[in-house]
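Chemist: Provide a 3D model corresponding to the input given below.
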Amino acid sequence: MTELAAALDYARRHPRCVLVTLKADGRPQSSNVLAVVDADGVVRVSITDGRAKTRNLRRDPRVSLHMVAEDFWSYVVLEGEAELSPVAADPHDDTVEELVAYYRAGNGEHPDWDEYRAAMVADRRLVLRVRPTYAYGMPG
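Modeler: Next up is the predicted model:
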């Protein structure tokens, strides 16, 4: 198993992480997020249009995701470039469908999918996709 494959496996088991983007002045901006890794190694995060992380990613797509285990000492950092979906505009558009799949992968079934779909549009949600190109850490 390659280092990247091992890191992705770790990330699948530890989806709570810190998303690090770069501010215009080069300093890091961090946000706690839930990351879902699919079978192809694509990491997805639900984000909101207009927030600092989204503005940062539109300007500079470099991103790091820092996953940490409950013991705090084992961790993995995935690095790559962001790809952003369009902002959710209709409860049945492709972005909302991807957000539904993201929710199911991370949380299971929602008690009211119509409510969830409407909230994704109202919140102006979109999907951050990262195909990691580098990983490091101590997955122990």
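
Chemist: list the contacts of residue 102.
Modeler: 36, 44, 46, 127 (C-beta atoms under 8 Å, 6 or more residues apart in numbering). All C-beta spots, glycine's among them, are computed from the backbone N, C-alpha and C.

Chemist: let me see the backbone angles for the residue nearest the centre of the chain.
Modeler: Nearest to the mean C-alpha position of the chain, by C-alpha atoms, centre = their mean, lies residue 45 at 2.3 Å. For residue 45, the backbone dihedrals (degrees, to the nearest 10) come out as phi -140, psi 140.

Chemist: farthest pair within the contacts of residue 102?
Modeler: Between any two of the contacts of residue 102, the greatest separation by C-beta to C-beta is 9.9 Å, found for 36 and 127.

Chemist: who has more neighbours, those two?
Modeler: Using other C-beta atoms under 10 Å as the criterion, residue 36 and residue 127 rank with residue 127 on top: 23 against 20.

Chemist: hmm, back to that, now the nearest residue to the residue nearest to the centre of the chain once chain neighbours are set aside: how far from residue 72?
Modeler: Excluding its sequence neighbours, the residue lying closest to residue 45 (C-beta to C-beta, 6 or more residues apart in numbering) is residue 128, at 4.4 Å. In this view, residue 128 and residue 72 are 25 Å apart by C-beta to C-beta, to the nearest Å.

Chemist: so these two - more neighbours on which side?
Modeler: Neighbours were counted for residue 128 and for residue 72 using other C-beta under 10 Å; residue 128 has more, 23 against 7.
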